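Trainee: Quick one: sequence and predicted model below, then my questions.
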Amino acid sequence: MNKGKFIYTNQKTGTLYPAKELSVFQQILFFILLCCIFLIPTQEKNIRLYTVLNFLVPFLLYSHESLLQNIKFVGWILLWGGIFIVSTLFRIFILPSSYDYIREFTELGRIFILIPYLLIHKKYFGVQGFKVFLFFIVCYIFSDFYLTLCETRVLPRGAFYQFVSQTYYLDAVKDRSYLAKGWSALGGIHGLIMAFCIVFLTCLVNIRFKQYLCLLLLLMCFYSLLASGSRSSMLAVGAFYILLFIISFIYGQRPSFILILVVMIAILAAIALVSSGYFAKLSVLINEGLATDSFEYRQKFWGIFLDILFTYWYLFPIGWGKTIFFMSKDQFFTDNDYLTYLLVHGCIITIILLAIILNYMLKCYRRYKILPAMETIRFYLLGALLVVSVANPGFSYPTILILLVMFFRFSNISINNYLAHRK
């Protein structure tokens, strides 16, 4: 056994673990942090509470050592925030409408919310922390599946469902059971979270990690995804599986039999359920395709934003900020993250962020054969988010941004060795 300061080695498996294991209290703290990420309501009236809690709670797990280790990333985020502040001050004198400072600096909170998660002590991102994360994901998917069954009226809508419905769901869509929301405020966000879980679990199955448990969870996630009615999330999941099988074929890697089985079951079940009219709204969406009202609606308000964009074209490099949403009078979302980032942050920041993502994915692809497990998961998560962001919030949704930072912190030798040896 190597009794170094940070790791010790299990000589039977060669697995590396943090020297300082998490105490029960620390595991509870980490579990509470995960609750803040996934379970704080994100309705518009609660989004500021969500931002504040997810900024403050991680400081309970703070480590000065993590600050020094991630100082470069913290510096880049502070620079991004600083550029946004300067751009906002400049826009005050340019745009004619009344400026909503609170809305503008809510976006600043969306940027700075990433910093506390870079400052969490690295011991929370060791094997025990990852086990707590897996336990939480299992609990989350089971409870979300129960809520989805209640919303689709497979199960009775008991007191627990009524509480979640009143607390989490937006009033405008509360009665639209054909857009199942689970723990989320909207069906689209529910589909986004389920797509994230599907990619994560599928990658675990593909490396032969707890395959039968992941198979069960995947089937639940597929049901919840279909019930959410989120076509962009379904398309992202489909693109992910196509990419996974193509890359596996190119590099001569055989996908897990369980993975092939779950994909076949999911496809057949989806065909059977949709064709029988079980997901009535989804049937309409598939039959009418681009002619559906929701796509016409998207085209309408995308046109509104583009008109404003060309009116104040000289702000293109730095963006128009959140004020542009109020200039459109009745629309606060674009349902397209590329357009959102372009409007709020301008073309310079948008191009830089896309270049960073694509450059990382290209590097991962080039060394795919030797890519560690957690980096493989990040590669596919980013690929799915690039697709879903075309017609849905993706990179702009705070939970997704936080989870990407969490997976960055989990990408260490102890986790990769744990996944490689623990089947």
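Mentor: Sure thing, it's come through. Residues are numbered from 1 along each chain as shown.
Trainee: starting at the chain centroid, how far to the helix or strand harbouring Arg103?
Mentor: Using DSSP states H and E, Arg103 maps to helix 101-112. Helix 101-112 sits 19 Å away from the centroid of its parent chain (CA atoms, centre = their mean, to the nearest Å).
Trainee: Please point out which parts of that helix sit buried.
Mentor: Glu104, Glu107, Leu108, Gly109, Arg110, Ile111, Phe112 (16 or more other CB atoms under 10 Å). The C-beta positions use only the backbone N, C-alpha and C, and glycine is treated the same way.
Trainee: which of these lies closest to Phe59?
Mentor: Here the nearest of those to Phe59, counting by CB to CB, is Phe112; it sits at 12.5 Å.
Trainee: is it true that that closest one touches Trp80?
Mentor: No. Counting by CB atoms under 8 Å, Phe112 does not reach Trp80; the two are 9.1 Å apart.
Trainee: So which of the buried residues of helix 101-112 sits lowest on pLDDT?
Mentor: Among the buried residues of helix 101-112, Glu104 carries the lowest pLDDT, at 73.
Trainee: roughly how far is the helix ranked longest in the chain from the heart of the chain?
Mentor: Longest helix in the chain, counting residues (DSSP state H): helix 337-366. Distance of helix 337-366 from the chain centroid (CA atoms, centre = their mean) equals 16 Å.
Trainee: likewise stretch 179-189?
Mentor: Using CA atoms, centre = their mean, the offset of stretch 179-189 from its chain centre is 14 Å.
Trainee: Same check on stretch 357-368?
Mentor: The answer for stretch 357-368 is 20 Å, by CA atoms, centre = their mean.
Trainee: Need the contact partners of it.
Mentor: Here stretch 357-368 makes contact (CB atoms under 8 Å, 6 or more residues apart in numbering) with Ile247, Tyr251, Leu371, Glu375, Thr376, Arg378, Phe379, Leu382, Gly383, Leu386.
Trainee: Turn the residues you listed into TSV, columns for distance to Met361.
Mentor: Output for those, formatted as TSV (distance: CB to CB, whole Å):
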residue	distance to Met361
Ile247	11
Tyr251	15
Leu371	11
Glu375	11
Thr376	11
Arg378	9
Phe379	6
Leu382	6
Gly383	7
Leu386	8
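Trainee: Rebuild those residues as JSON lines, extending it with pLDDT.
Mentor: Shown next, in JSON lines, are those (pLDDT from 0 to 100):
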{"residue": "Ile247", "pLDDT": "88"}
{"residue": "Tyr251", "pLDDT": "80"}
{"residue": "Leu371", "pLDDT": "85"}
{"residue": "Glu375", "pLDDT": "91"}
{"residue": "Thr376", "pLDDT": "90"}
{"residue": "Arg378", "pLDDT": "92"}
{"residue": "Phe379", "pLDDT": "93"}
{"residue": "Leu382", "pLDDT": "93"}
{"residue": "Gly383", "pLDDT": "92"}
{"residue": "Leu386", "pLDDT": "92"}
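Trainee: Just the buried residues from the residues you listed, in ChimeraX please.
Mentor: In ChimeraX, this line selects whichever of the contacts of stretch 357-368 come out buried by 16+ other CB under 10 Å:
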select :247,371,375,376,378,379,382,383,386
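Trainee: give me the element the closest residue to Leu155 other than its chain neighbours is part of.
Mentor: In space, and not counting its chain neighbours, Leu155 is closest to Leu149: 4.4 Å by CB to CB, 6 or more residues apart in numbering. Using DSSP H and E, Leu149 maps to helix 127-151.
Trainee: what mean pLDDT would you report for that helix?
Mentor: 94.
Trainee: relative orientation of the helix or strand following that helix and helix 127-151 in degrees?
Mentor: Remark: after helix 127-151, the chain's next helix or strand is helix 159-168, criterion DSSP H and E. Calculated by axes from the mean of the first three to the mean of the last three CA atoms, to 10 degrees, helix 159-168 forms an angle of 100 degrees with helix 127-151.
Trainee: re the thing from before, now the helix holding Leu149: buried residues?
Mentor: 127-130, 132-134, 136-138, 140-141, 144-151.
Trainee: Check the offset of it from the chain's centre.
Mentor: Relative to its parent chain, helix 127-151 has a centroid offset of 15 Å by CA atoms, centre = their mean.
Trainee: repeat for stretch 167-187
Mentor: For stretch 167-187, the distance to the chain centre is 18 Å (CA atoms, centre = their mean).
Trainee: Quick check: buried residues in it?
Mentor: Those would be 168-170, 176-187, for stretch 167-187 by 16+ other CB under 10 Å.
Trainee: how about the CA coordinates for it, as PDB?
Mentor: Extracted C-alpha coordinates of stretch 167-187, given in PDB (Å, rounded to 0.1, in the frame of the first residue of the first chain):
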ATOM      1  CA  THR A 167     -44.200  23.400  -6.000                       C
ATOM      2  CA  TYR A 168     -42.200  22.600  -9.200                       C
ATOM      3  CA  TYR A 169     -44.500  22.900 -12.300                       C
ATOM      4  CA  LEU A 170     -45.000  26.200 -14.200                       C
ATOM      5  CA  ASP A 171     -48.700  27.200 -13.900                       C
ATOM      6  CA  ALA A 172     -49.000  27.600 -17.700                       C
ATOM      7  CA  VAL A 173     -48.100  23.900 -18.300                       C
ATOM      8  CA  LYS A 174     -49.300  22.300 -15.000                       C
ATOM      9  CA  ASP A 175     -52.300  20.600 -16.600                       C
ATOM     10  CA  ARG A 176     -50.500  19.500 -19.800                       C
ATOM     11  CA  SER A 177     -49.900  15.900 -18.800                       C
ATOM     12  CA  TYR A 178     -48.800  15.000 -22.400                       C
ATOM     13  CA  LEU A 179     -45.700  17.000 -21.600                       C
ATOM     14  CA  ALA A 180     -44.600  15.100 -18.400                       C
ATOM     15  CA  LYS A 181     -42.400  17.100 -16.200                       C
ATOM     16  CA  GLY A 182     -41.100  14.800 -13.500                       C
ATOM     17  CA  TRP A 183     -39.100  16.900 -11.100                       C
ATOM     18  CA  SER A 184     -38.700  19.700 -13.600                       C
ATOM     19  CA  ALA A 185     -40.700  22.900 -14.300                       C
ATOM     20  CA  LEU A 186     -41.300  22.100 -18.000                       C
ATOM     21  CA  GLY A 187     -41.500  19.000 -20.200                       C
END
